Every structure is written in C-alpha cells, then in structure tokens.
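Student: what's the 3D shape of this:
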Amino acid sequence: MDLFYYKAIDTGGRIIKGQLDALNPVDLEVRLGRLGLELVNCKEVKATRLSAGAGIKRKDLITFCLHLEQLLEAGVPMLDALTDLRDTLDHRRFREIISAMIESIQGGKTLSEAMRDFPYVFSAVFVNLIKAGETTGQITQVLRSVIENLKWQDEQAAYTKRLFMYPAFVAVVTLGALVFLMILVVPELLKFVQTMGQELPLHTRVLIFTSNAVVEFWYLFVSVPVLLISFILIAIKRSPKFHVAFDAAVLRIPLFGEIIKKLILTRIASYFALMYAAGITVLECLKVAEEIAGNKAIEQALRSAARHISDGAGLSNSFAATGLFPALVLRMLRVGETTGGLETALQNVSYFYTRDVRESIEHLQTIIQPAMTLVLGVLLGWVALSVLGPIYDLITKIKF
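Tutor: Prediction:
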C-alpha cells in the first residue's frame, strides 16, 4: 500500500488537501469517494516516518485504544466501531489511516493485519498484541493492557527527557559562558594587564593562550565536534560492527550508561511481560524485543539468547550466556521459570527498574547542579585571579 498526497473537493465545493494510503490512484479515488470527497489530482510519495506518522502522538493512540475498547466492550461490531472513531477523531491523518484500515478489513484482512500496513503508527509490539487478542478472543482485555502500557511509556519518555535535557541545558549554558568570557571579556581585561611590562604568572599566560586560541581558531572549535558527530553517524550507518561497538560503549558511559541500560531493560521487561501474558511465545517475544531495544549491543544479546533457547536452553541460562544482563534480571527470570510465574517475574523487573531509574535520575540531577556550579566558579576564579593577580602585584610594588 502506497502513500498519496491528494487534492480533492468535498460536497460543499471546498478544496481539501491531505494524504491517504491506497493501492493505486483508482483505489485512492474510491477511498476518497467513500469519505465524501471527489479526487482532483494526486501524487505518490515515499512514506517516511514523518509523512506516515504525521504527528500522531502517543496520546492519540491512547484515545484510539480507549474508545475502541469501550465500543467493542459494548458489543459494537469492529467495522462500526472503527467507522465511529474515524468520524469523531480530530486528527486528519489518523482519520485517513483508520479509513484505510476499514477498507483493508472489508477486503478480508484482520485488524492486526490492517494495522501492520502502518508500522510508523502501530509498533510491532502493538500489532502482535492485537493479533494475540484476536487469536484468543480477548481483544478488549488486550486493549486495556495496551492502554496501561502506553501510559507507562509516557512516564518512561519523561524520565528519558529528564536524563538528557537537563544535563545538556546546563552544559550548553556553561560552554556559552566560557566562550563569552574567552572571546569578549578576557581579551579586553588582558589588554591592560599586558601593558604593565612585568612578568606575568603562569596561570595568566595560560589564560592569554587559551583566549587567543579561541578567538583565532574558533572555526576549529565549531567544526571538529560537527565533523566528529558526522563521522560517527556515517560509520554507524555503514558499519554494523561499529554500530554495535558504539552502542556497547554508550552503555559504559559513567553515570549515564547504567541509567540508559536500565531504561532499555525496563522497556524490554515491560513489553515482554505484556506480550507473554497475551499468549505470545517466548521466541516471538524476543524477536519483538530486538526491534524495541534501541541499542544494537542489547539487540545482539537478545538474538544470542533466542538462539540458545532454540537450542533447548532455559530462558535464564540463555540470558546469562550473553554476559550483558545484570544479576537481578537473571535471578528474577530463574524464579519465574521455577515457579511458572514468568509474567509476574518480568513485571517485578520492570517495576524495580522503573523505580530505580527514577531515583537514579533524581540523584544524577542533584550531582550535576552543584558540579556545574563548581565548574563555573572555577572558571570565574581563574579569570579573576589571572587578571587581578598581576594588578595587585603591581600595586604592592608602588612606593608612596
């Protein structure tokens, strides 16, 4: 199914522009006709994450699942429920996607198969859970679980933003203050100091050298980080081995790496528990977990664990063989296997890491704030000492 940009006319004669998924222009015209629109012209476009998703946020998915669950629970047929949702949603792109799903279901597809045509809107986990609900006849229960999981994702996203945004903001402010001092303030102050004609102390000479370097070679300070980041991004795209090595190195970053690893493990454990409870097999859960890991090193470890399980090894032993998962995860998996409560064990892992990540981020923030204040204080002290020190020495040598 392809994505088309279209220009159409509604029953009131107004020009409507939008995008819709269809098999071909003829199919697009039929789909628009069922929406009460007459096609004027269209253009096929390559679907990207931006164009396919078109601003559909997690809260939109929560609303969709909530309304669909309520309608199905009330006994409304699936097609009627989707039609009602399509007609009541405010998000145009989401309405177009639901319309395409209705067309697919009328053509013989199931709900999960219709959702699979829109991977940028409905994730692999989402589709697999809906498929499991269709197979077991418990789609309303699955939708309720999905709603809770989407809300949990919102909380995790907030933790992740707090992990990166605050340190990045403080680092930018500190760097901006340093550049301002070295380019505008320090040169003016040092002009007076250098006219004194006396030997300058080492820390003042270092300040002069640093200030001159920043002023004269500012383009290097700007271009080198940009080139380095560009090199890393290109290497990640072209070399799978480098991608794995880089992601593994990210997990070893002091302070941040451990929190990032816990965030990933929390996401995997939560999704794994949700899918396993819905009746999805362990190997299928691991396959989906690879897609949502977001880290090639952990993805590789999950793939290795899946191979061990396929060879007949236990879940906990397979995870232990990778050497990447902490003792807590392995212990909880072992308990779950022994007691037959793997779902509960994974939920416990998710709960523990969710709380641990929250506390770790709060602790990190309490460390970063005074650390950055200390850095700024040291910089200002260095500048003050380097400028005022020679002036004070000169004054003390004056004989009245």
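
Student: Could you use CA atoms for every contact and neighbour count after this?
Tutor: Will do.

Student: Low-confidence bits of the stretch 251-400 of the chain, can you list those?
Tutor: Applying pLDDT under 70 to the stretch 251-400 of the chain picks out residues 391, 394-400.

Student: hey, where'd the helices end up in it?
Tutor: 256-277, 282-293, 296-310, 315-322, 327-339, 342-397 (DSSP state H, counting those that start in this stretch).

Student: right, so the ones you listed: which one is the most enclosed?
Tutor: Stretch with highest mean neighbour count among these: helix 256-277 (a mean of 21; mean count of other C-alpha atoms under 10 Å).

Student: Tell me the neighbouring strands of the one helix or strand K43 maps to, and mark each as parallel or antiparallel.
Tutor: With secondary structure defined by DSSP states H and E, K43 is part of strand 37-45. Paired strands of strand 37-45, with direction, are strand 2-10 (antiparallel) (DSSP bridges).

Student: tell me which residues in the partner strand are buried?
Tutor: L3, F4, Y5, Y6, K7, A8, I9 (16 or more other C-alpha atoms under 10 Å).

Student: residues in contact with the fourth one?
Tutor: I take that to be Y6. Neighbouring residues of Y6 by C-alpha atoms under 8 Å, 6 or more residues apart in numbering: K17, G18, Q19, L20, L39, V40, N41, C42, K43.

Student: and the residue nearest to it when sequence neighbours are not counted, how many neighbours?
Tutor: Spatial nearest neighbour of Y6, chain neighbours left out: C42 (4.2 Å); criterion: C-alpha to C-alpha, 6 or more residues apart in numbering. Neighbour count for C42, taken as other C-alpha atoms under 10 Å: 18.

Student: cool, and P225?
Tutor: For P225, the neighbour count with other C-alpha under 10 Å is 11.

Student: measure it to F231 for me?
Tutor: Separation of P225 from F231 (C-alpha to C-alpha, to the nearest Å) stands at 10 Å.

Student: Now D21: which helix or strand?
Tutor: strand 15-22.

Student: Now that strand: average pLDDT?
Tutor: Regarding strand 15-22, the rounded mean pLDDT is 79.

Student: Next, the angle strand 2-10 makes with that strand.
Tutor: 150 degrees (axes from the mean of the first three to the mean of the last three C-alpha atoms, to 10 degrees).

Student: export strand 15-22 as CSV, just CAs?
Tutor: In CSV, the C-alpha atoms belonging to strand 15-22 read as follows (Å, rounded to 0.1, in the frame of the first residue of the first chain):
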residue,chain,number,x,y,z
ILE,A,15,-10.7,22.2,-1.7
ILE,A,16,-9.3,19.6,0.6
LYS,A,17,-5.7,18.6,0.6
GLY,A,18,-4.3,15.6,2.5
GLN,A,19,-2.6,12.2,2.3
LEU,A,20,-4.1,8.8,2.1
ASP,A,21,-2.9,5.2,1.7
ALA,A,22,-4.1,3.3,-1.3
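
Student: Check which helices and strands that strand is in contact with.
Tutor: strand 2-10, helix 25-34, helix 92-106 (3 or more C-alpha pairs under 8 Å, 6 or more residues apart in numbering; DSSP states H and E).

Student: Rebuild those as JSON lines, extending it with distance to L175.
Tutor: Below are the helices and strands packed on strand 15-22 laid out as JSON lines (distance: least, C-alpha to C-alpha, whole Å):
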{"stretch": "strand 2-10", "distance to L175": "44"}
{"stretch": "helix 25-34", "distance to L175": "53"}
{"stretch": "helix 92-106", "distance to L175": "41"}
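
Student: right, and those - which one's nearest P240?
Tutor: strand 2-10 (29.3 Å; C-alpha to C-alpha).

Student: Using PDB, list the CA coordinates for that closest one.
Tutor: Presented in PDB, the C-alpha positions along strand 2-10 are these (Å, rounded to 0.1, in the frame of the first residue of the first chain):
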ATOM      1  CA  ASP A   2       1.400   3.400  -1.100                       C
ATOM      2  CA  LEU A   3       1.000   6.900   0.300                       C
ATOM      3  CA  PHE A   4      -0.500   9.500  -1.900                       C
ATOM      4  CA  TYR A   5      -0.800  13.300  -1.500                       C
ATOM      5  CA  TYR A   6      -4.200  14.300  -2.900                       C
ATOM      6  CA  LYS A   7      -6.200  17.300  -3.800                       C
ATOM      7  CA  ALA A   8     -10.000  16.800  -3.600                       C
ATOM      8  CA  ILE A   9     -13.300  18.600  -3.400                       C
ATOM      9  CA  ASP A  10     -15.900  18.000  -0.700                       C
END
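
Student: Can you add distance to L251 and give the contacts of Y6 back as CSV?
Tutor: Converted to CSV, the contacts of Y6 look like this (distance: C-alpha to C-alpha, whole Å):
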residue, distance to L251
K17, 45
G18, 42
Q19, 40
L20, 40
L39, 52
V40, 53
N41, 50
C42, 47
K43, 44
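
Student: Neighbour-wise, which one of those residues leads?
Tutor: Busiest of the contacts of Y6 [other C-alpha under 10 Å] is L20, holding 24 neighbours.

Student: what bridges to that one?
Tutor: F4.

Student: list the contacts for it?
Tutor: Listed by C-alpha under 8 Å, 6+ apart, the contact partners of L20 are L3, F4, Y5, Y6, L28, R93, E96, I97, A100.

Student: Kindly recompute the last result at 7 Å.
Tutor: By C-alpha atoms under 7 Å, 6 or more residues apart in numbering, the residues touching L20 are L3, F4, Y5, E96.

Student: same check, this time on E258
Tutor: Taking C-alpha under 7 Å, 6+ apart as the definition, contacts of E258 comprise L251, R252.

Student: how close does it get to E362?
Tutor: For E258 relative to E362 (C-alpha to C-alpha), the value is 14 Å.

Student: nearest residue to F325 other than its sequence neighbours?
Tutor: Closest residue to F325 apart from its sequence neighbours, by C-alpha to C-alpha, 6+ apart: F319 at 6.7 Å.
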